[in-house]
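Chemist: sequence? don't have it. structure:
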């Protein structure tokens, strides 16, 4: 069965640079969620989209923005990167309001 | 206080034993509860979900929910070394965002 696809899988950036993470949900899933997981921590909800509209907002910094496109894929844009942004970023998808299935994650390292 | 709490462990059980993982939550508005398994550096993998009081069984896994006590548990029967991982308990609200507990690290010793 098709799963959530995330790209890139690994990303290395310098401080103050920008990064864009992409998420392709499971086919026919209409809701996308973004989570951030720091080392030794549990995933923290950032933001979600349902039918291309923002549906919930969590602990997402103002430096980050996200959107969902007409094909339901989503992008998380991160600007003015800080060392503390180094983390695993997971995207999950669901057929709203159902069970969330997680992608493999993007490991972001900020140097 | 976290909205969802778990004992961080590690919980160590011998191979073949029953592993019992516990979780409490504070938001009575939470409607559904999920158990995810996460291997180090990998993504959370759904094990089970439960939304009604009582037990729900799936193979070697049984989830239990007690809304009056705000308590969720996961039992793993016949534990295998491959079950060694961090188990994340999560609750969702009306908006369907998940709030995770800190996770319990399970170690199954051969």
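Modeler: Nice, I can see it. Predicted, not measured: the structure shown is a model, and the values here were computed from it. Numbering: from 1, shown residues only, chains lettered A, B, ... in the order given.
Chemist: What residues does chain A have near chain B?
Modeler: A:31, A:33, A:35, A:41-45, A:48, A:55-56, A:58, A:88, A:90, A:92, A:94, A:96-105, A:107 (C-beta under 8 Å from any C-beta of the partner chain). All C-beta atoms are positioned from the backbone trio N, CA, C, and that covers glycine.
Chemist: Give me every residue in chain B lying close to chain A.
Modeler: Residues of chain B lying near chain A (C-beta under 8 Å from any C-beta): B:34, B:36, B:41-46, B:49, B:88, B:95-103.
Chemist: tell me how far the ends of stretch A:30-48 are from each other?
Modeler: 11 Å (C-alpha to C-alpha, to the nearest Å).
Chemist: Looking at the residues of chain A next to chain B, which are in strands?
Modeler: A:31, A:33, A:35, A:44-45, A:48, A:55-56, A:88, A:90, A:92, A:94, A:101-102, A:107 (DSSP state E).
Chemist: Which is the succeeding secondary structure element to the one helix or strand in chain A whose mean pLDDT sits lowest?
Modeler: Here the helix or strand of chain A ranked lowest by mean pLDDT, DSSP states H and E is strand A:53-57, holding a mean of 92. Sequence order places strand A:64-68 as the next helix or strand after strand A:53-57, per DSSP states H and E.
Chemist: and residue 52, what pLDDT?
Modeler: No chain specified, so I'll use chain A. Here, the pLDDT recorded for residue A:52 equals 91.
Chemist: if you could check chain B rather than the one you did, that'd help
Modeler: For residue B:52, the predicted pLDDT is 90.
Chemist: need the contact list for it.
Modeler: Residues in contact with residue B:52 (C-beta atoms under 8 Å, 6 or more residues apart in numbering or on different chains) are residue B:65.
Chemist: Note down every partner strand of the lowest-mean-pLDDT helix or strand in chain B and its orientation.
Modeler: Lowest on mean pLDDT, DSSP H and E among the helices and strands of chain B sits strand B:98-100, with a mean of 92. Using DSSP bridges, strand B:98-100 pairs in its sheet with strand B:85-92 (antiparallel).
Chemist: Return the residue of chain A that is most distant from the centre.
Modeler: Ranked by distance from the centre of chain A (C-alpha atoms, centre = their mean), the top residue is residue A:1, with 21.2 Å.
Chemist: In contact with that one, which residues?
Modeler: residue A:26.
Chemist: What is the neighbour count of residue A:51?
Modeler: Neighbour count for residue A:51, taken as other C-beta atoms under 10 Å in any protein chain shown: 10.
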